[in-house]
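Participant: Please find the sequence and the predicted model below.
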Amino acid sequence: MRIVTRSRRKYNYSPLTNKITLWENNSLCEDIFNVSYIETFDYSFDKISMFTIEITQQCNLRCKYCIYSGDYDNRRSHNEQSFPSDAIPSLINFIASHADKSAPVITVCFYGGEALLQKDKIQKIISELYSLSFIFEFTISSNGVLLSEETIDWICSLPNLKVTITIDGDKLIHDANRVFPSGKGSFDIVMKNLKWFKDMYPQEYDNRVQFLSTVDSILRLHDLSIFWEQNPILSNHRPVHISSIIPNFPKGEVSDKTSFLKNQLVIYEEALTLYLKGEENILTDELKRLIGIIEHREFFELPKQQRFITCCHNTYSCFITSSGQLYVCEKFNEEFSVGTLENGFDKNALIRINQTFTQRKNSHCSKCWAKRLCRICATNLNHSTTEFEWFCNRERQKIQLALKYYCEIRDSRI
């Protein structure tokens, strides 16, 4: 892969070595690498450091892009189901048996739906987990609507408890998607609650509140960054993660390659200019996340038969649904359950996922120049082959941009 920077310096990225060098010839590496998962791997289920608990499938909002809206294939819809109270002892025993005893901290995330609809059950689970000989950190995923004064008092009364709230932008942008069943937007209520939190518990607010954002186009990042920096409630708490809306393929909600790359270049060019000036904001955060794909790569030459380890070999995380099904993470569709709370992990289910993922990688990835940097994981088995190819194209474009801006920053330091 050839990269040309603003200064017209030319670089070459080699998938064989994972190295970036000055361009010396016009040849590209076309070596074919097949992958194989490790069949003799000793699957271990006692090294989990993150547990995500689906405390409820009920939600008080009806966000238009939510994968649980009922519009997405192979995904549940919002309903009244919640984690049963009589299953809490089994949950505590499961965590005690599978948590990584060598981990400095075990993270437990409460997930929905809207997790705060089941505040009493969250309280019960946290109280029970405190009796175990682990250091826990707890996170509640919330839309922020139920952050009443009473709930904020409760959050601040518990050690090591944080709340993660999604804000998509200013009132116009946020309320375009994050709405009540009536269609009314949620922005005003959420911001009122956050202001009360910040005013009454300023230190706790700084330590306990973190934000996510979802954008329908990367072009939104420009306005999102301006809004965030100008809002006194948010300005010192930039989002820890910004997501794109998951395409709804049956509805044809996909963008073409040309417009995607064009929009990405618009934002990352602006971000690079700000970064080189030493500024820090949402745009430069996203640029740093992008070049992190390159900065964290490993340097070794691939053998012709590459053996690889997935999250289904090393189960460091576990998603526990309100019905007691186990998944490696919450991103898997319902068909990829790997066990139950009652019976534990099903090793054969994990092996089947690895085998299927290996077959797909060998079918699509063996000749791809981006295979060493690709972040597509086994959760992409949620999608058909055609949909998988769309994600492949999108990931290659993202990696191409990561290489470009990594080299641009490298150039700026010469």
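Facilitator: Thanks, I have it. Numbers count the residues shown, from 1 in each chain.

Participant: so how many other residues sit close to the residue lying closest to Ala103 once chain neighbours are set aside?
Facilitator: Spatially, and ignoring its direct neighbours in sequence, Ala103 is nearest to Ser49 (4.3 Å; Cβ to Cβ, 6 or more residues apart in numbering). C-beta here means a position set from N, CA and C on the backbone, and glycine is covered the same way. Ser49 has 16 neighbours, counted by other Cβ atoms under 10 Å.

Participant: got the contact list for Ser49?
Facilitator: 99-100, 103, 105-107, 316-317 (Cβ atoms under 8 Å, 6 or more residues apart in numbering).

Participant: most neighbours, which of those residues?
Facilitator: Ala99 (23 neighbours).

Participant: what pairs with that residue across the strands?
Facilitator: Ile48 (DSSP bridges).

Participant: Contacts only, for it.
Facilitator: Listed by Cβ under 8 Å, 6+ apart, the contact set of Ala99 reads 46, 48-49, 51, 106, 132, 134.

Participant: Show me the helices in the stretch 1-150 of the chain, by range?
Facilitator: Using DSSP state H, counting those that start in this stretch, the helices of the stretch 1-150 of the chain run over 88-98, 119-129, 149-157.

Participant: didn't Leu129 look like it was pressed against Glu137?
Facilitator: No - in this structure, Leu129 is not within contact of Glu137 by Cβ atoms under 8 Å, at 10.8 Å.

Participant: When these two are compared, which one has more neighbours?
Facilitator: Under the criterion of other Cβ under 10 Å, the comparison of Leu129 against Glu137 puts Leu129 first, with 20 against 14.

Participant: The nearest residue to that one once chain neighbours are set aside: neighbour count?
Facilitator: Spatial nearest neighbour of Leu129, chain neighbours left out: Phe136 (5.6 Å); criterion: Cβ to Cβ, 6+ apart. Phe136: 18 surrounding residues under other Cβ under 10 Å.

Participant: Name the residues linked to Phe136 by a beta bridge.
Facilitator: Ile106.

Participant: contacting residues around it?
Facilitator: 105-108, 126, 129-130, 160.

Participant: out of those residues, who's nearest Ser366?
Facilitator: The shortest approach to Ser366 among the contacts of Phe136 belongs to Thr107, at 35.7 Å (Cβ to Cβ).

Participant: So which of the helices of the stretch 1-150 of the chain is nearest Ser142?
Facilitator: helix 149-157 (9.2 Å).

Participant: Quick one: distance of the helix or strand immediately after the closest one in the chain to the chain centre.
Facilitator: As assigned by DSSP states H and E, the chain's next helix or strand after helix 149-157 is strand 161-166. With Cα atoms, centre = their mean, to the nearest Å as the basis, strand 161-166 stands 15 Å off its chain's centre.

Participant: what is the orientation angle of strand 161-166 with helix 149-157?
Facilitator: Inter-element angle recorded for strand 161-166 and helix 149-157: 130 degrees (by axes from the mean of the first three to the mean of the last three Cα atoms, to 10 degrees).

Participant: Pull the residues that contact strand 161-166.
Facilitator: The contact list for strand 161-166 (Cβ under 8 Å, 6+ apart) reads 126, 137-144, 147, 155, 178, 190, 194, 207-214, 240.

Participant: for stretch 325-339, same thing?
Facilitator: Under Cβ under 8 Å, 6+ apart, the answer for stretch 325-339 is 52, 54, 74-76, 111, 311-312, 315, 317-321, 340-341, 344-346, 349-350, 353, 378-379, 381-382.
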